[in-house]
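J.: Coordinates only, no sequence provided:
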Ligand SMILES: [Zn+2]
């Protein structure tokens, strides 16, 4: 049913005028996800292998998701997830997200020890963090 039809029905039945607002798309487009998933996985795997030469953490599976609110996440069992949109970011911001999640394998919190780990590879992480926040539309966060 079209929006105009819905409006007319409401007006007829209830005598009220309504305004229909399209909900903001939070998830990425499925076609876009399919297009960039492999590229994002390649970036994540390559970068984690590279950065982990410094940390030597144990990790399990790296997964790319079409997440609506997260750039990345990490589980206590060592699985790391990334939003496919890391493939669309400037490299320095994707690096920050990857190092951030990788460091949760060492510190499962956002303590000073955690940020010290991040700083080893990303000395300007504060700058990248705020840049990422600025360009994160739809409220995508990092956890
Ligand atoms: Zn975090």
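T.: Good, I have the coordinates. The model shown is predicted, which means the values in this text are computed figures rather than measured ones. Numbers count the residues shown, from 1 in each chain.

J.: pull the longest helix from this protein.
T.: The longest helix of the chain (DSSP state H) is helix 30-55.

J.: Please state the offset of that one from the chain centre?
T.: Computed by CA atoms, centre = their mean, to the nearest Å, the chain-centroid distance of helix 30-55 equals 12 Å.

J.: Next: stretch 13-33.
T.: Counting by CA atoms, centre = their mean, stretch 13-33 comes out at 22 Å from the chain centroid.

J.: buried stuff in it?
T.: For stretch 13-33, the neighbour count (16 or more other CB atoms under 10 Å) marks 28, 33 as buried. Quick note: C-beta positions are derived from backbone N, CA and C, even for glycine.

J.: Which residue ranges of the protein form helices?
T.: Going by DSSP H, the chain shows helices at 3-14, 30-55, 91-103, 112-121, 125-135.

J.: Mean pLDDT and distance to residue 69 for these - can I get that in JSON lines?
T.: Putting the helices of the chain into JSON lines (pLDDT from 0 to 100; distance: least, CB to CB, whole Å) gives the following:
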{"stretch": "helix 3-14", "mean pLDDT": "79", "distance to residue 69": "27"}
{"stretch": "helix 30-55", "mean pLDDT": "96", "distance to residue 69": "15"}
{"stretch": "helix 91-103", "mean pLDDT": "98", "distance to residue 69": "14"}
{"stretch": "helix 112-121", "mean pLDDT": "98", "distance to residue 69": "21"}
{"stretch": "helix 125-135", "mean pLDDT": "94", "distance to residue 69": "13"}
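
J.: most tightly surrounded among those?
T.: Compared across those, helix 91-103 shows the largest average neighbour count, a mean of 22 (mean count of other CB atoms under 10 Å).

J.: could you give the angle of that helix to helix 30-55?
T.: Counting by axes from the mean of the first three to the mean of the last three CA atoms, to 10 degrees, helix 91-103 lies at 60 degrees to helix 30-55.
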